[in-house]
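Trainee: fold the following, please.
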Amino acid sequence: QVQLQESGPGLVKPSQTLSLTCTVSDFSITTDGYVWSWIRRSPGKGLEWMGGIGWSGSFYYSSSLKSRTTFSRDTAKNQFSLQLTSVTPEDTAVYYCARRGTTWKYDYWGQGTQVTVSS
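Mentor: Numbering: from 1, shown residues only. Predicted structure coming up:
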């Protein structure tokens, strides 16, 4: 059973950088055909796709967040990460990591982690 687990601080101050890591179990993030994504949900915007990393290391970005977003991965640890710079209270959300499968559906999700941007 594929499992994804987000980790990172739950509180970030405005103007700082939000950093989250997703640890994947029982499935390699380098397996052909899969994209490892970040998605967030906030009261004001609903679900928002942020982008992610493909199995070969290709990057995918939301156009609205691209200037503030960095993705990375550690294949030895089977993890992928998100950094979002210059955060504001509007970045307060539940952040999810998810796997997009070969049918283009998001078939496995982490449980989500609440991140609040506040001083």
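Trainee: find the nearest non-adjacent residue to residue 83, please.
Mentor: Closest residue in space to residue 83, ignoring its immediate chain neighbours: residue 70 at 4.3 Å, by CB to CB, 6 or more residues apart in numbering. For the C-beta atoms, the positions are set from N, CA and C on the backbone; glycine is no exception.
Trainee: what do you get for residue 88?
Mentor: residue 14 (5.7 Å).
Trainee: my guess is that neighbour meets residue 87, correct?
Mentor: Yes: contact criterion CB atoms under 8 Å: residue 14 and residue 87 qualify, at 6.4 Å.
Trainee: have a look at those two and say which one is more surrounded.
Mentor: Neighbours were counted for residue 14 and for residue 87 using other CB atoms under 10 Å; residue 87 has more, 18 against 13.
Trainee: need the three-state assignment for the more buried one.
Mentor: The three-state label given to residue 87 by DSSP: H, G, I helix; E, B strand; the rest coil is coil.
Trainee: do the same with the one 3 residues further on
Mentor: Taken by three-state DSSP, the conformation at residue 90 corresponds to helix.
Trainee: equivalent analysis for residue 48, please.
Mentor: Secondary structure of residue 48, per three-state DSSP, is strand.
Trainee: what sits against it?
Mentor: By CB atoms under 8 Å, 6 or more residues apart in numbering, the contact list for residue 48 reads 39-42, 62, 93.
Trainee: if we can go back for a sec, which neighbours do residue 14 and residue 87 share?
Mentor: With the criterion set as CB under 8 Å, 6+ apart, the overlap between the contacts of residue 14 and residue 87 is residue 117.
Trainee: so what's the backbone phi/psi at the spatially most central residue of the chain?
Mentor: Nearest residue to the geometric centre of the chain (CA atoms, centre = their mean): residue 38, 2.7 Å. According to degrees, to the nearest 10, the main-chain angles of residue 38 amount to phi -120, psi 130.
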